[in-house]
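[1] build me a model from this:
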Amino acid sequence: MVDSHLRRSSRVGRGGPGSTGRGGGEVSAPTARTRKNVRNADRLARGIQRVTASPVGVYQSAVVRIGVSATYLLFLLRELPHRHELYGPDGPWRWDMARQLIHSNEAFTVLMWSDSTLWFEIVYALTLLSAALLMIGWRTRVTAVLFMVGVLSLQNRSIFMGDGGDNVIHLLAIYLVLTRCARVWSLDARRAGRDAARSAGGRAPVRDVAGPLLWAAVGPVLLVATLMGGLGGTWWLKSLLWVLWLGNAVWWLLNRYAPDRELRTLLDVVANLAHGAALVVIMAEVCLIYATAGWYKIQGSRWQDGTALYYPLKLDYFTPWPGLSGLLASSALAVMVLTYATVIVQVAFPFTLFNRRVKNVLLVVMIGEHAGIAVLLGLPFFSMAMIAADAVFLPTVFLVWLGARVTRGRQRLFSRPAGTPVLPGQRQPGGQEREAPQHGGGGGHTLVG
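    Numbering: from 1, shown residues only. Coordinates of the predicted model:
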């Protein structure tokens, strides 16, 4: 093989058969293919580096976290006077009936651990608290799990009380556990920024006490619930909870005693991959929701003739503003345009993901559609849940711009007392004034600090 290769090389060097010019045609073709292969390998390497070295879509995941937790927090606050009728001991779906159903479908809810009113109040209060803490991003690894447990517990206790928005929150609460959704716009991000500043200044980071205490408190509860069969009949939930608990224990130990070891880097890569996979699943879920909704609408005769929107606008249950609903229903052209536009947007959206401009336009239309549903049909929490899910497709440039504007507004609101005059900045040589520092897209500033 070596001799034949040498003979072939000598023929190429002498400008043998098929050669052109000095180098010959036999040299130019492999060189072009080699360059193309190298470029493809470089693209692949950059792609792998992108999804493993750092989490993707940190701004999108932060908006989803804030939107989902805020939606459920507001829902629980609104239903606070009616909580016993919805999910508690005074509901038409009694505790023994719920126990029989859960025994057959193997669902999970901690409300089946006891039928006492005190236990229900504790679970409801902890769900409220976890939603508030997840929204501001405090100890997100723990609060995301507690939020998921609270959502599943309340919804699975009375499954006939939910709607499409509850289903979206149900799914997103599970997916958020796997995301690194507190890298920006959270108290966790602010604490990490302060620790990085202390390390850069040669000082030791502030010792974390609350995080280990929370996980130490969750461990015995998880162990007892597993041994007593209180985690439902599905294997995936038990595995997920134990993997999260043990994984975070290993993460804390490596951060404390071996922050520069390869195993610590490996855990970071696994977390980034899980984060990216969860975001992909959320995107696929949103596309599936819109695709199924749109194609089912196409099959309906009222959607085909453009009158479907007229009927909910005339139902008392869905007309919080009868005058506004009546005004819209009185225009046959407006009803027809909105009916057809709803179907077209829902069916077309999954096909526009590869065209950024068209996708952004349809995204604005869908968010406006959900805002209209919230106002006209009186479904604010369904609309908020869908807008929170849609946020996973928002462009990063827009989210960075929005975060900078909110941060600047917060600083103007709280940085000085009311009535204090604003003094101009000190003039620099050359007649230019000192401007406020501009925050980059990857900076550590957050909405809360």
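[2] which stretches in the stretch 101-250 of the chain count as helices?
    For the stretch 101-250 of the chain, the helices defined by DSSP state H, counting those that start in this stretch occupy 117-136, 140-157, 164-176, 187-200, 210-227, 235-257.
[3] the third one: which residues count as buried?
    Within helix 164-176, the residues scored as buried using 16 or more other C-beta atoms under 10 Å are 165-166, 168-176. Backbone N, C-alpha and C define where each C-beta goes, glycine included.
[4] before we move on, what about stretch 290-297?
    Result for stretch 290-297 [16+ other C-beta under 10 Å]: buried residues 290-291, 294, 297.
[5] same thing with stretch 406-419?
    Applying 16+ other C-beta under 10 Å to stretch 406-419 flags residue 407 as buried.
[6] ok, now stretch 217-230?
    218, 222, 225.
[7] likewise stretch 295-312?
    297, 303, 306, 308-310, 312.
[8] now do stretch 72-92
    For stretch 72-92, by 16+ other C-beta under 10 Å, it's 72-73, 75-76, 79, 83, 86-88, 91.
[9] which residues sit against it?
    95, 111, 115, 117, 120, 124, 127-128, 131-132, 135, 147, 151, 154, 157-158, 161, 169, 173, 381, 384 (C-beta atoms under 8 Å, 6 or more residues apart in numbering).
[10] buried among these? Make that a ChimeraX selection.
    This is how ChimeraX selects the buried members of these, with burial counted by 16+ other C-beta under 10 Å:
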select :95,111,120,124,127,128,131,132,135,147,151,154,157,158,161,169,173,381,384
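[11] chain center to the one helix or strand residue 324 maps to, what's the gap?
    Assessed by DSSP states H and E, residue 324 sits inside helix 322-329. Centre-to-centre, helix 322-329 and its host chain are 35 Å apart (C-alpha atoms, centre = their mean, to the nearest Å).
[12] thought residue 294 was touching residue 351?
    No. Judged on C-beta atoms under 8 Å, residue 294 makes no contact with residue 351 at a distance of 10.8 Å.
[13] and the longest helix that the chain contains, what does it pack against?
    Secondary structure of the chain per DSSP state H: the longest helix is helix 262-298. Applying 3 or more C-beta pairs under 8 Å, 6 or more residues apart in numbering; DSSP states H and E, one finds that helix 262-298 contacts helix 25-53, helix 58-78, helix 164-176, helix 235-257, helix 332-348, helix 380-390.
[14] who wins for proximity to residue 182 among those?
    Nearest of the helices and strands packed on helix 262-298 to residue 182, taken as C-beta to C-beta: helix 58-78 at 7.1 Å.
[15] next up, the contacts around the closest residue to residue 293 other than its chain neighbours.
    Take residue 293 and drop its neighbours on the chain: the residue closest to it by C-beta to C-beta, 6 or more residues apart in numbering is residue 346, 5.3 Å away. Applying C-beta under 8 Å, 6+ apart to residue 346 gives the contacts 290-291, 293-294, 297, 366.
[16] at 10 Å instead, please
    289-298, 362, 366, 369 (C-beta atoms under 10 Å, 6 or more residues apart in numbering).
[17] as a markdown table, the buried residues of stretch 295-312 with distance to residue 271 would be great.
    Shown next, in a markdown table, are these (distance: C-beta to C-beta, whole Å):
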| residue | distance to residue 271 |
| --- | --- |
| 297 | 39 |
| 303 | 44 |
| 306 | 49 |
| 308 | 45 |
| 309 | 45 |
| 310 | 50 |
| 312 | 44 |
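[18] from these, which single one is nearest residue 404?
    Checking the buried residues of stretch 295-312 one by one against residue 404 (C-beta to C-beta), the nearest turns out to be residue 309, at 37.9 Å.
[19] which SS class is that closest one?
    helix (DSSP: H, G, I helix; E, B strand; the rest coil).
[20] any idea how far residue 238 is from the nearest residue to it once chain neighbours are set aside?
    Leaving aside its sequence neighbours, residue 309 sits nearest to residue 339 (C-beta to C-beta, 6+ apart; 4.6 Å). As for residue 339, its distance to residue 238 is 46 Å (criterion: C-beta to C-beta, to the nearest Å).
[21] the more surrounded of the two?
    residue 339 (20 against 17; other C-beta atoms under 10 Å).
[22] and the pLDDT at the more buried one?
    Residue 339 carries a pLDDT value of 95.
[23] pLDDT-wise, which helix or strand of the protein ranks last?
    Ranked by mean pLDDT, DSSP states H and E, the helix or strand of the chain with the weakest confidence is helix 2-13, at a mean of 44.
[24] how about the secondary structure of residue 91?
    coil.
[25] ok, now how distant is it from residue 285?
    Residue 91 is 29 Å from residue 285, by C-beta to C-beta.
[26] ok, now residue 412?
    38 Å.
[27] check residue 304 too.
    27 Å.
[28] okay, now the unreliable bits of the stretch 201-350 of the chain?
    Judged against pLDDT under 70, the stretch 201-350 of the chain has no low-scoring part.
[29] let's go with 90 and repeat that
    Counting by pLDDT under 90, the stretch 201-350 of the chain has low-confidence residues at 201-212, 215, 228-230, 232-234, 251-265, 316-319.
[30] surely residue 106 touches residue 238?
    No. Applying C-beta atoms under 10 Å as the test, residue 106 and residue 238 come out as separate, 11.3 Å apart.
[31] can you list contacts of stretch 195-209?
    139, 191-192, 194, 252, 255-256, 444.
[32] would you put the C-alpha positions of it in CSV?
    Only the C-alpha atoms of stretch 195-209 are listed here, as CSV (Å, rounded to 0.1, in the frame of the first residue of the first chain):
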residue,chain,number,x,y,z
ASP,A,195,-19.7,36.0,44.5
ALA,A,196,-17.8,36.5,41.2
ALA,A,197,-17.0,40.0,42.2
ARG,A,198,-15.7,38.9,45.5
SER,A,199,-13.6,36.2,43.9
ALA,A,200,-12.2,38.7,41.4
GLY,A,201,-11.2,41.0,44.3
GLY,A,202,-9.4,38.2,46.1
ARG,A,203,-12.0,37.6,48.7
ALA,A,204,-13.8,34.3,49.4
PRO,A,205,-17.4,34.0,48.3
VAL,A,206,-20.1,34.2,50.9
ARG,A,207,-20.8,30.8,52.3
ASP,A,208,-24.1,29.3,51.2
VAL,A,209,-26.2,28.2,54.1
